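Q: Below are the sequence and a predicted model; questions follow.
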Amino acid sequence: MPQPTPVAPSSSNPYRRLFALPGARAFTTGNLIARLPMGMFSVSAVVMIAGSRGSYALAGAVTATGLATTALVAPWVARLVDRYGQARIAVPATLCAALGSLALVVCVRYGAPDWTLFAAYAATATTPNTGGMSRARWSHLLRGDSKALHTANAFEQAADELCFMLGPVLAAFLCGTFFPEAGTLTGVVLLVGGVLLFAAQRSTEPPVTPGVRPAGRTPLRAPGMRPLLTVCLATGAVFGAMEVVTIAFADARGHRSAAGVVLALQAAGSFVAGLAYGAVKPRGPVTARLSWCVAAMTALMTLPLLAAALTGSLVLLGGALLLAGMATAPTMVTTMTLVQRFTPEGRLNEGMTLAVTGLLGGIACGSASGGWVVEHVSPTAGYGVPVTAAGTALLISLAVFTRSNRFTHLRANH
């Protein structure tokens with residue numbers, strides 16, 4: 001098995017040292033190109049379907065179906081990646097997903113029955129977890145260097161935030177400036193091109209023995225993983241509720257078009273905080289850091305609620321979301337670090353995809369809960385949903401992960 005390459009010690013900048021690794025820049029470039037469409041597809045689909053069929057309800061139902069299908073299919077794809085390798089599985093899986101997106105464009109363009117939209121969008125669920133594959137490469141390259149891996153995880157989380165900040169803006173621009181299908185078609189080109197470039201970097205790919213099932217129990221049965229996935233579920237509810245409630249709040253004040261900018265401020269705060277968090281040396285047990293990060297997220301999530309309730313100003317709400325977002329990346333970085341430590345050897349892609357699945361499930365629950373409160377109470381009251389979800393994540397982390405004597409057998413506490 002190829003030995004991981006140590007991080008070059010020639011620079012005090014942790015990110016510069018990180019990308020001094022041979023092949024790191026190449027696989028990161030491909031992965032970022034492939035990851036950008038993740039923030040484009042849902043927005044593009046909503047614009048395309050609602051514009052053609054005149055129904056936001058149908059558009060929302062189609063995208064929700066795709067989300068639910070992804071939650072079911074993604075762990076299976078990740079298991080195949082762990083068993084057969086990233087390049088052998090990611091490329092055909094991506095091509096299948098691309099065909100699903102193209103089928104959606106054709107069905108919308110030529111007025112196919114509504115059920116075909118659900119079937120086509122469900123086919124995109126084979127899209128591999130590109131962020132998880134990138135984190136798996138860092139974990140392989142930086143094995144034994146926890147500080148450098150912390151920096152890599154922080155970079156990956158910042159990259160996630162950047163893609164989800166720029167993706168919707170790019171999708172809205174393409175669909176509005178050219179034609180409704182432009183966002184989806186551009187996303188397909190970026191996804192396929194990025195995955196092909198990423199998969200071509202074979203020197204940094206984690207080694208596997210083709211056809212041999214990875215040893216050990218499944219990640220879902222690993223000690224500590226289930227409570228961690230519950231934290232992911234609650235954290236995802238924070239994200240899902242915040243998006244729906246903010247759109248409704250802006251719409252109630254006659255500025256629905258500004259909702260995207262306001263939400264981008266939250267992603268921007270997370271992006272900056274993620275880079276800063278990766279540059280500092282982590283201290284203390286990872287489980288304790290998770291509780292502190294979730295506590296900070298819970299506290300900062302009260303700021304949008306206060307801004308909406310006390311001022312009703314969209315400008316002040318944007319500032320509150322900028323500050324609230326600064327706790328998101330540290331929480332997710334620490335969560336992914338624990339996923340990497342709890343996941344059995346040889347199953348890292350599956351473990352991280354389970355975490356993403358938990359987040360997706362939470363986003364769906366948060367969206368539904370936030371929408372219900374907005375409709376039956378008020379948009380302002382809706383900001384109580386992400387606060388409640390963050391508080392739930394905090395209670396779980398305090399109840400489980402601060403009792404270190406129960407987890408002394410875990411690798412996270414070695």
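A: That came through, no problem.

Q: quick one: low-confidence parts of the stretch 251-400 of the chain?
A: Within the stretch 251-400 of the chain, the set of residues satisfying pLDDT under 70 comprises 256-257.

Q: ranges for the helices of it?
A: 259-279, 286-300, 302-310, 314-325, 328-342, 348-376, 379-382, 384-400 (DSSP state H, counting those that start in this stretch).

Q: and if you look at the stretch 1-150 of the chain?
A: Listed in chain order, the helices of the stretch 1-150 of the chain (DSSP H, counting those that start in this stretch) span 14-18, 24-35, 41-53, 56-84, 86-109, 114-122, 130-141, 146-177.

Q: what pLDDT, on average, does the second one get?
A: Within the predicted structure, the mean pLDDT of helix 24-35 is 94.

Q: What helices and strands are in contact with that helix?
A: Applying 3 or more Cβ pairs under 8 Å, 6 or more residues apart in numbering; DSSP states H and E, we find helix 24-35 packed against helix 130-141, helix 146-177, helix 182-199. The way it works is simple: take the backbone N, C-alpha and C, and place the C-beta from them, glycine included.

Q: Just the residues contacting the first one, thanks.
A: With Cβ atoms under 8 Å, 6 or more residues apart in numbering as the contact definition, helix 130-141 has outside contacts at 4-5, 21, 24, 27-28, 31, 34-35, 38, 78, 81, 86, 90, 149, 152-153, 156, 159-160, 194-195, 198, 204-207, 336, 340, 348-349, 352-353, 356.

Q: What's the ChimeraX line that selects buried ones from the residues you listed?
A: Those of the contacts of helix 130-141 that count as buried under 16 or more other Cβ atoms under 10 Å are selected in ChimeraX with:
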select :4,5,21,24,27,28,31,34,35,38,78,81,86,90,149,152,153,156,159,160,194,195,198,204,205,206,336,340,348,349,352,353,356
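
Q: Residue 393 is nearest to which of the helices and strands packed on helix 24-35?
A: helix 146-177 (16.3 Å; Cβ to Cβ).

Q: just to revisit the earlier point, just put the helices of the stretch 1-150 of the chain in JSON lines and tack on distance to residue 309.
A: Formatted as JSON lines, those follow (distance: least, Cβ to Cβ, whole Å):
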{"stretch": "helix 14-18", "distance to residue 309": "39"}
{"stretch": "helix 24-35", "distance to residue 309": "36"}
{"stretch": "helix 41-53", "distance to residue 309": "29"}
{"stretch": "helix 56-84", "distance to residue 309": "27"}
{"stretch": "helix 86-109", "distance to residue 309": "40"}
{"stretch": "helix 114-122", "distance to residue 309": "37"}
{"stretch": "helix 130-141", "distance to residue 309": "35"}
{"stretch": "helix 146-177", "distance to residue 309": "26"}
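
Q: Highest mean neighbour count out of those helices?
A: Compared across the helices of the stretch 1-150 of the chain, helix 130-141 shows the largest average neighbour count, a mean of 24 (mean count of other Cβ atoms under 10 Å).

Q: could you dump it to CSV, C-alpha only?
A: Output of helix 130-141 as CSV, limited to C-alpha atoms (Å, rounded to 0.1, in the frame of the first residue of the first chain):
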residue,chain,number,x,y,z
THR,A,130,-17.7,14.5,-4.3
GLY,A,131,-16.9,16.4,-1.1
GLY,A,132,-16.7,13.0,0.7
MET,A,133,-14.3,11.6,-1.8
SER,A,134,-12.1,14.7,-1.5
ARG,A,135,-12.1,14.4,2.3
ALA,A,136,-11.2,10.7,1.9
ARG,A,137,-8.2,11.6,-0.1
TRP,A,138,-7.0,14.1,2.5
SER,A,139,-7.5,11.4,5.2
HIS,A,140,-5.4,9.0,3.2
LEU,A,141,-2.6,11.5,2.4
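
Q: picking up where we left off before, export the helices and strands packed on helix 24-35 to TSV and append columns for mean pLDDT and distance to residue 108.
A: Below are the helices and strands packed on helix 24-35 laid out as TSV (pLDDT from 0 to 100; distance: least, Cβ to Cβ, whole Å):
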stretch	mean pLDDT	distance to residue 108
helix 130-141	89	25
helix 146-177	82	12
helix 182-199	95	9
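
Q: next one: stretch 55-62 to chain centre, how far?
A: Relative to its parent chain, stretch 55-62 has a centroid offset of 22 Å by Cα atoms, centre = their mean, to the nearest Å.

Q: now do stretch 250-267
A: For stretch 250-267 - counting by Cα atoms, centre = their mean - the centre lies 21 Å from the chain centre.

Q: Same check on stretch 175-191?
A: 21 Å.

Q: hmm, who's touching it?
A: Stretch 175-191 is touched from outside by 33-34, 36-37, 40-41, 43-45, 47-48, 51-52, 94, 97-98, 101-102, 104-105, 108-109, 127, 170-172, 174, with contacts defined as Cβ under 8 Å, 6+ apart.

Q: how long is it end to end?
A: 17 Å (Cα to Cα, to the nearest Å).

Q: buried ones in it?
A: Within stretch 175-191, the residues that count as buried by 16+ other Cβ under 10 Å are 175, 180, 181, 182, 183, 184, 185, 186, 187, 188, 190, 191.

Q: Residue 329 versus the fifth one, what's the distance?
A: Using Cβ to Cβ, to the nearest Å, one obtains 26 Å as the distance from residue 183 to residue 329.

Q: The first one too?
A: For residue 175, the distance to residue 329 under the criterion Cβ to Cβ works out to 28 Å.

Q: ditto for the third one
A: Using Cβ to Cβ, residue 181 is found at 33 Å from residue 329.

Q: quick one on the thing from earlier: can you tell me which of the buried residues of stretch 175-191 lies nearest to residue 143?
A: Using Cβ to Cβ, the buried residues of stretch 175-191 come closest to residue 143 at residue 191, 29.0 Å.

Q: so what's residue 65 up against?
A: If you count contacts by Cβ under 8 Å, 6+ apart, then residue 65 has 118, 121, 122 around it.

Q: let's go with 10 Å and repeat that
A: 117, 118, 119, 121, 122, 125 (Cβ atoms under 10 Å, 6 or more residues apart in numbering).

Q: try residue 104
A: Taking Cβ under 10 Å, 6+ apart, one finds 41, 44-45, 48-49, 62, 66, 112, 116-124, 181, 184, 188 in contact with residue 104.
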